[in-house]
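S.K.: Provide a 3D model corresponding to the input given below.
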Amino acid sequence: MSEHFGTLSDGTPVYRWTLERAGTRVRVLSYGGIVQSVEVPDRDGRTANVVLGFADLEGYLAYPEPYLGALIGRYANRIAHARFPLDGVTYALEPNNDPNSLHGGARGFDKRVWEVEPVEHGLRLSRVSPHGEEGFPGRLQVTATYSLDASGALRFVYEAVTDAPTVVNLTNHSYFNLGGPGSGAASGHELRLAAARYTPVDGDLIPAGEPAAVTGTRFDFRTARKTGSGYDHNFVLDKGVTAVPEEVAELHDPASGRVLTVATTEPGLQVYTADHLGEPFVPCEGVALETQHFPDSPNRPDFPGTELRPGGRYRSETVYGFSAR
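M.R.: As a prediction, this is how the structure comes out:
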């Protein structure tokens with residue numbers, strides 16, 4: 001089911017689609033592939049929206065920086081100094097996070113209007129990113145399928161092909177607050193990660209040095225504990241890259257009983273505690289759990305590769321499951 005949600009300044013209409021299955025209701029915008037809301041029940045059966053968002057299009061246009069619920073590309077996270085080498089050529093990108101490129105540049109996938117068509121229990125979003133968009137090489141054909149499975153879990157499947165060598169790293173940027181609207185900060189949520197290492201960063205949040213062990217540090221979430229604050233870091237998932245999604249994280253809100261599980265094919269998980277969201281949100285009101293390849297991988301041959309070449313196919317799958325206890 002779709003409805004008109006607003007109109008961009010150039011006259012382009014934006015639509016909102018609603019998916020509902022097994023007690024989960026999800027609303028998705030054609031603008032930015034944004035997940036506007038995810039409504040699920042707590043331990044007492046009371047339903048609430050568990051992701052941060054705005055009630056109207058104007059909110060997203062006026063407040064784009066947090067990337068609330070958006071589809072991120074061509075490259076999620078940061079690329080150092082807004083450039084990378086590929087096949088002997090250095091490509092210059094949009095330095096929108098000076099001096100780095102962040103989340104695909106000033107007009108990444110989060111600020112584009114996507115074609116949307118219904119599929120069984122879901123939606124297929126698609127667009128063509130032309131060669132040179134935000135500095136990235138290759139004409140990239142992208143599809144992102146959002147669907148609800150029989151348990152009410154929200155599944156993302158990203159696929160892409162290119163006509164020239166390029167780099168690709170796609171994710172969803174939802175901020176979760178399992179307590180629902182008005183419940184305050186999510187820093188009391190309990191997080192568990194299947195990650196024995198993380199990537200230390202420099203002052204610009206670019207990976208510095210080799211992945212480090214979490215043992216004895218504040219990055220050790222192998223046993224569930226409160227998320228707290230002060231995190232915007234990539235965790236190196238123990239499983240690495242996999243052909244099918246494997247569970248890597250659990251987020252639990254003791255107050256409501258709601259539980260979020262994350263399963264993915266990706267090798268990394270960016271945990272961002274949103275310390276500085278700004279108005280209208282309170283600090284740490286949501287926790288972003290972004291499945292991805294590592295930040296700055298195009299400049300780090302020691303990291304899992306993000307190159308895509310003609311004849312190949314990029315594919316990434318992530319499943320957010322919901323329950324209560």
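
S.K.: enumerate every residue touching residue 315.
M.R.: 157, 158, 159, 265 (CB atoms under 8 Å, 6 or more residues apart in numbering). To be clear about C-beta, it is placed using only N, CA and C from the backbone, and glycine gets the same treatment.

S.K.: count of residues packed around the residue lying closest to residue 131 once chain neighbours are set aside?
M.R.: Nearest in space to residue 131, with sequence neighbours left out and distances taken as CB to CB, 6 or more residues apart in numbering, is residue 139 at 4.8 Å. When counting by other CB atoms under 10 Å, one arrives at 15 neighbours for residue 139.

S.K.: all strands of the stretch 1-150 of the chain, in order?
M.R.: 2-7, 13-21, 24-29, 35-41, 47-49, 71-72, 78-79, 83-86, 89-92, 101-102, 115-119, 122-129, 140-148 (DSSP state E, counting those that start in this stretch).

S.K.: can I get those in CSV with mean neighbour count?
M.R.: Below are the strands of the stretch 1-150 of the chain laid out as CSV (neighbours: other CB atoms under 10 Å):
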stretch, mean neighbour count
strand 2-7, 13
strand 13-21, 17
strand 24-29, 23
strand 35-41, 23
strand 47-49, 16
strand 71-72, 26
strand 78-79, 24
strand 83-86, 17
strand 89-92, 11
strand 101-102, 27
strand 115-119, 12
strand 122-129, 19
strand 140-148, 20
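
S.K.: closest to residue 244 out of those strands?
M.R.: Across these, residue 244 has its closest neighbour in strand 140-148 (15.3 Å, CB to CB).

S.K.: give me the buried positions along stretch 215-223.
M.R.: 219, 221 (16 or more other CB atoms under 10 Å).

S.K.: how far does that stretch sit from the chain's center?
M.R.: Its chain's C-alpha centre and that of stretch 215-223 lie 23 Å apart, by CA atoms, centre = their mean, to the nearest Å.

S.K.: with stretch 243-259 instead?
M.R.: 15 Å.

S.K.: alpha carbons of that stretch, as CSV, please.
M.R.: Output in CSV follows, covering the C-alpha atoms of stretch 243-259 (Å, rounded to 0.1, in the frame of the first residue of the first chain):
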residue,chain,number,x,y,z
ALA,A,243,27.2,-16.4,1.9
VAL,A,244,24.1,-16.3,4.1
PRO,A,245,23.3,-14.1,7.1
GLU,A,246,24.6,-15.3,10.5
GLU,A,247,23.5,-13.7,13.8
VAL,A,248,26.1,-11.3,15.1
ALA,A,249,24.3,-8.9,17.5
GLU,A,250,21.5,-8.7,20.0
LEU,A,251,20.1,-5.4,21.4
HIS,A,252,17.7,-5.7,24.4
ASP,A,253,15.7,-3.0,26.2
PRO,A,254,15.1,-4.3,29.8
ALA,A,255,12.2,-1.8,30.4
SER,A,256,10.0,-2.8,27.5
GLY,A,257,11.4,-6.3,27.0
ARG,A,258,11.9,-5.7,23.2
VAL,A,259,14.8,-7.6,21.6
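
S.K.: please name the bridge partners of residue 72.
M.R.: residue 171 (DSSP bridges).

S.K.: same deal with residue 316?
M.R.: Applying DSSP bridges to residue 316, the residues it is bridged with are residue 158.

S.K.: so it makes contact with residue 160?
M.R.: No: contact between residue 316 and residue 160 fails when scored by CB atoms under 8 Å: they sit 9.0 Å apart.
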